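Asks: just coords:
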């Protein structure tokens, strides 16, 4: 046993500003104690040495928008589901995530939020599930995407209060459509409670978006998807998302939801300080093609792409490191930029960047080790090894 003392040696350490070759990272008590360039070793048998030659060492990934994978969904009622999904995400390098819930019938939504809140409360010290993201239910039915239209609600302060109270303070994000009548109260109330308000599944014009920003909205849900496209005399949510530095943007870099050229466009306009990779993965992630339940709908997964019967995309089967690899293939995206859009931007958006999101002395030892093809070799959370690939 290491007693929580680890030395990662000879790694290519990816910080938010540069890549440090042949560097050792020293871990003790769940915290990064230091980075030392060149050879580094100790004779103390209590320290466990992990050879990272030929590998990248990056901050653990942060996914603020994911519904599930490995046949499981965060809305499932079994109490074992959050723990099993936690392990699934560790295997893909994700050390912090928000369990995302699609719209559900109100009582079922309250129940699902309550179950996840209890899990977060009971496992707050050792889980990668940092809280809950509500993707709705206050979204535009005409931009429902893979969500079930019948479960989408009109904004109602009383029903919102029921959902909020069930969350026990663990609701960290809510996606809303800012054009809905009555949504202003919910945006303002959520923002005052420290919940990140994201704008999405929306037909909003730029005026409605501007008002939402003034009320406290700070993020955009899966930019380019479930929103109007660009027309040169009709500024809208997409144009505001691309232009405003007050809005961080999520993006699904799977090559299907957004063409790689537009991933590059978003990165160019938003910069790595305001763009974050997400998966928006659903229960079919990591499984074979077939038919699956997703957000209350039956969807068909073919060639790894999940669609509704009418062809509408319904979540993704993306694993986080594959999104990272696709973004890396754009050619001009360096590893420090990848590190920021995979970890630091989302951590900062959640107010967690003092502890996670980058490889720095004093921060939590949330680490992922990747080979040169971006395959996850090892995942560490707060100094504990949660996943190690079988050789």
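Replies: Sure thing, it's come through. As the structure is a computational prediction, the values presented were derived from the model and not from experiment.

Asks: so, low pLDDT: which residues of this protein?
Replies: Scanning the chain with the threshold set as pLDDT under 70 gives 1-3, 391.

Asks: what ranges do the helices span in it?
Replies: 81-90, 106-122, 157-166, 183-192, 206-215, 237-243, 260-270, 320-328, 335-339, 345-349 (DSSP state H).

Asks: and for residue 343, the neighbour number?
Replies: 31 (other C-beta atoms under 10 Å). Just so you know, the C-beta spots here come from the backbone N, C-alpha and C atoms, and that holds for glycine as well.

Asks: oh sorry, the question was meant for residue 216
Replies: Neighbours of residue 216 under the rule other C-beta under 10 Å: 17.

Asks: pull the contacting residues for it.
Replies: Contact analysis of residue 216 by C-beta atoms under 8 Å, 6 or more residues apart in numbering lists 187, 188, 190, 191, 192, 197.

Asks: of those, closest to residue 173?
Replies: residue 197 (7.7 Å; C-beta to C-beta).

Asks: what sits against that closest one?
Replies: Contacts of residue 197 (C-beta under 8 Å, 6+ apart): 173, 174, 176, 187, 190, 191, 212, 215, 216, 217, 218, 219.

Asks: give me the nearest residue to it, chain neighbours excluded.
Replies: In this structure, residue 197 finds its nearest non-sequential neighbour in residue 217, 4.3 Å apart by C-beta to C-beta, 6 or more residues apart in numbering.

Asks: and for residue 182, the neighbour number?
Replies: Residue 182: 12 neighbours (other C-beta under 10 Å).

Asks: drop anything exposed from the contacts of residue 216.
Replies: Buried by 16 or more other C-beta atoms under 10 Å: 187, 188, 190, 191, 197, out of the contacts of residue 216.

Asks: quick one: residues contacting residue 162.
Replies: For residue 162, the contacting residues are 106, 110, by C-beta under 8 Å, 6+ apart.

Asks: let's see that with 6 Å instead.
Replies: Each residue near residue 162 by C-beta atoms under 6 Å, 6 or more residues apart in numbering is listed here: residue 110.

Asks: so how far is residue 113 from it?
Replies: Applying C-beta to C-beta, to the nearest Å, the value for residue 162 to residue 113 is 9 Å.

Asks: out of all residues in this structure, which is the farthest from the middle?
Replies: residue 43 (39.4 Å; C-alpha atoms, centre = their mean).

Asks: if we can go back for a sec, now the buried ones among the contacts of residue 216 as CSV including distance to residue 365?
Replies: Shown next, in CSV, are these (distance: C-beta to C-beta, whole Å):
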residue, distance to residue 365
187, 36
188, 37
190, 32
191, 32
197, 31
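
Asks: close enough to count as contact, residue 282 and residue 315?
Replies: Yes. Between residue 282 and residue 315 there is a contact at 3.4 Å, judged by C-beta atoms under 6 Å.

Asks: farthest-apart pair in the contacts of residue 197, please.
Replies: Spanning the widest gap among these are 173 and 215, at 15.5 Å by C-beta to C-beta.

Asks: which neighbours do residue 282 and residue 315 share?
Replies: Counting by C-beta under 6 Å, 6+ apart, the contacts common to residue 282 and residue 315 are 67, 294.

Asks: of these two, who's got more company?
Replies: Shown here are residue 282 and residue 315; by other C-beta under 10 Å, residue 315 has more neighbours (34 against 27).

Asks: dump the residue contacts of that one.
Replies: By C-beta under 6 Å, 6+ apart, the residues touching residue 315 are 67, 146, 280, 282, 294, 306.

Asks: repeat for residue 377
Replies: 369, 371, 389.

Asks: just the buried members of the contacts of residue 315?
Replies: With neighbours counted by 16+ other C-beta under 10 Å, the contacts of residue 315 contain buried members at 67, 146, 280, 282, 294, 306.

Asks: got the residues you listed as a markdown table, with distance to residue 352 columns?
Replies: Output for these, formatted as a markdown table (distance: C-beta to C-beta, whole Å):
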| residue | distance to residue 352 |
| --- | --- |
| 67 | 21 |
| 146 | 28 |
| 280 | 20 |
| 282 | 25 |
| 294 | 28 |
| 306 | 29 |
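
Asks: right, I'll call it a day here.
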